[in-house]
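[1] Let's see this in three dimensions:
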Amino acid sequence: MDYAMKGRCIFLTHNRAHFEGLYSEHVAKGLDHPGVIIVTRRNVYELAKRVSRVLSGYTKESIKNQMLYV
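    Numbers count the residues shown, from 1 in each chain. Have a look, this model is predicted:
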């Protein structure tokens, strides 16, 4: 997550348990981050379709400091 923050990249993960904790730590510390998207395990085509659909409704600024579930 630190790597994504340094590169100002939205973070995409399947690892919900781990990254919900990291997200909470960052929020508690008042740190800004580009956003986290947590996805369920699906085939790659279904995953790409779902993520694309979600991202089409957001701007980079509106995802900032958010955690989205897809």
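[2] can you pull the contacts of Gly35?
    Counting by C-beta atoms under 8 Å, 6 or more residues apart in numbering, Gly35 makes contact with Ile10, Phe11, Ile63, Lys64, Asn65, Gln66, Met67, Leu68. (Glycine included, C-beta is placed from N, CA and C.)
[3] Drop anything exposed from the residues you listed.
    For those, a burial check counting by 16 or more other C-beta atoms under 10 Å picks out Ile10, Phe11, Ile63, Met67, Leu68.
[4] Looking at those residues, which are in helices?
    Among the buried ones among the contacts of Gly35, the members found in helices (DSSP state H) are Ile63.
[5] Compile the buried ones among the contacts of Gly35 into TSV and extend it with columns for pLDDT and distance to Ser56.
    As requested, the buried ones among the contacts of Gly35 are exported to TSV (pLDDT from 0 to 100; distance: C-beta to C-beta, whole Å):
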residue	pLDDT	distance to Ser56
Ile10	86	14
Phe11	85	19
Ile63	87	12
Met67	90	18
Leu68	90	13
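[6] okay, the buried ones among the contacts of Gly35 in TSV with distance to Ile38 next?
    Below are the buried ones among the contacts of Gly35 laid out as TSV (distance: C-beta to C-beta, whole Å):
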residue	distance to Ile38
Ile10	11
Phe11	9
Ile63	13
Met67	7
Leu68	7
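[7] Just the ones of the buried ones among the contacts of Gly35 in strands?
    Phe11, Met67, Leu68 (DSSP state E).
[8] Compile the contacts of Gly35 into JSON lines and extend it with columns for distance to Tyr3.
    Listed next are those as JSON lines, based on distance: C-beta to C-beta, whole Å:
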{"residue": "Ile10", "distance to Tyr3": "12"}
{"residue": "Phe11", "distance to Tyr3": "9"}
{"residue": "Ile63", "distance to Tyr3": "17"}
{"residue": "Lys64", "distance to Tyr3": "17"}
{"residue": "Asn65", "distance to Tyr3": "17"}
{"residue": "Gln66", "distance to Tyr3": "19"}
{"residue": "Met67", "distance to Tyr3": "17"}
{"residue": "Leu68", "distance to Tyr3": "19"}
